[in-house]
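Asker: Show me how the following folds:
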Amino acid sequence: MDNAKPGEIHRNLTHALRGISGILVTPFDQSGAIAPARLVPIVDRAIDAGVHVLVSNGNTGEFFGLTLEEALAMIEATTGLVAGRVPMLAGVGRSVRDAAMLARKAADCGADGLMVHQPADPFVSPRGFVDYVRQVEQAGRGLPIMLYLRNDQIGTAAIADLCSLPGVVGVKWATPNPMRLAEAIAACPDEVIWVAGLAETWAPVLYAAGARGFTSGLINVWPAHSVEIHRALEAGDAARAAALIAQMRAFEDIRAEEMNGTNVTGVKSALQMQGYDCGPARPPSAWPLMPAQQDRLRHFMTLNKLIGA
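Answerer: As a prediction, the model looks like this:
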């Protein structure tokens, strides 16, 4: 993607967002410092399996647990590791100035687009969010944007305003509200791609409302399975998709425990079992898994031949 023109980048990303957007973990070493080189086998395995887009600084990447300097470094490192083999999105967010700085870094490093986190500030107005995204887009110097919506209470009108901004090509819809999703799709430009943002388990429901493609943390551990789920959904084979999702549900159940505080914990624990030590999840995530959770995870990994018996 390094030598692609802006229009070509938009087309490449728009097509790829209909696939799997894999949210990469952020590895830490024994001292607690980021260790992006530990991502090499994880990135290579995901790309070889057929994952369509990779994302740094997502929630599975502990974006809100990183310092600004660490988040900047992860954009640069991950862009280099992906090396143009698939589109790479840089997660940006927090204060508007932090988000703009991250967007500029993404543009400088050759990332293919931005995933703009919905602001977590306690005082967010819908029109303020529109201004926020506008400033981030300007800082990103034309990089295409996937909005990350976790709260649909901003309303359909605000979502339509956001999707009318220059550069917005997709929305990661991360709320369990398919009716509101259908309303938003109807109110927004036809070319916007609506990505099912609650991973594999919610993908069939959100597909039925008009989403295409889904985000995944499973790709860190079992990317081939995510690809099979995507193929089934795209083929309209609901029964096969349901069976494949049932096969990995135990993994997602563990990640959803403790108020979702074991989300990253489950992924990093599974990677450790596979011999890929990406360090612990930082507080306020839980670490380590409780013994019963660890036993269930090991059973899941063994049953699906992701580790030896």
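Asker: Which neighbouring elements make contact with the longest helix along the chain?
Answerer: For the chain, the longest helix by residue count, based on DSSP state H, is helix 238-255. Judged by 3 or more Cβ pairs under 8 Å, 6 or more residues apart in numbering; DSSP states H and E, the packing partners of helix 238-255 are helix 199-208, helix 223-234, helix 263-273, helix 291-303. To be clear about C-beta, it is placed using only N, CA and C from the backbone, and glycine gets the same treatment.
Asker: Between helix 223-234 and the shortest one, find me the angle.
Answerer: Taking axes from the mean of the first three to the mean of the last three Cα atoms, to 10 degrees, one finds helix 199-208 and helix 223-234 inclined to each other by 10 degrees.
Asker: which other helices and strands contact the next helix-or-strand element following helix 199-208?
Answerer: As assigned by DSSP states H and E, the chain's next helix or strand after helix 199-208 is strand 214-216. Applying 3+ Cβ pairs under 8 Å, 6+ apart, we find strand 214-216 packed against strand 20-23, strand 193-196, helix 199-208, helix 223-234.
Asker: Need the residues that contact stretch 121-129.
Answerer: Contacting residues not belonging to stretch 121-129 are listed as 118-119, 154-155, 157-158, 161-162 [Cβ atoms under 8 Å, 6 or more residues apart in numbering].
Asker: Which positions within it qualify as buried?
Answerer: Phe129 (16 or more other Cβ atoms under 10 Å).
Asker: on that earlier part again, now do the longest helix of the chain, average pLDDT.
Answerer: For helix 238-255, the mean per-residue pLDDT is 98.
Asker: Of the helices and strands packed on strand 214-216, flag the one that's most buried.
Answerer: Mean neighbour count, computed with mean count of other Cβ atoms under 10 Å, is highest for strand 20-23 among the helices and strands packed on strand 214-216, reaching a mean of 28.
Asker: one step back: could the C-alpha coordinates of the longest helix of the chain be exported in CSV?
Answerer: C-alpha atoms of helix 238-255 as CSV (Å, rounded to 0.1, in the frame of the first residue of the first chain):
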residue,chain,number,x,y,z
ALA,A,238,-26.0,-19.5,8.5
ALA,A,239,-25.9,-23.1,9.8
ARG,A,240,-22.2,-23.4,9.2
ALA,A,241,-21.5,-20.0,10.6
ALA,A,242,-23.5,-20.8,13.8
ALA,A,243,-21.6,-24.1,14.2
LEU,A,244,-18.2,-22.5,13.8
ILE,A,245,-19.2,-19.7,16.3
ALA,A,246,-20.4,-22.3,18.8
GLN,A,247,-17.0,-24.0,18.5
MET,A,248,-15.2,-20.8,19.7
ARG,A,249,-17.8,-19.5,22.1
ALA,A,250,-16.1,-20.8,25.2
PHE,A,251,-13.1,-18.5,24.4
GLU,A,252,-15.4,-15.4,24.0
ASP,A,253,-17.3,-16.4,27.2
ILE,A,254,-14.0,-16.2,29.2
ARG,A,255,-13.2,-12.8,27.6
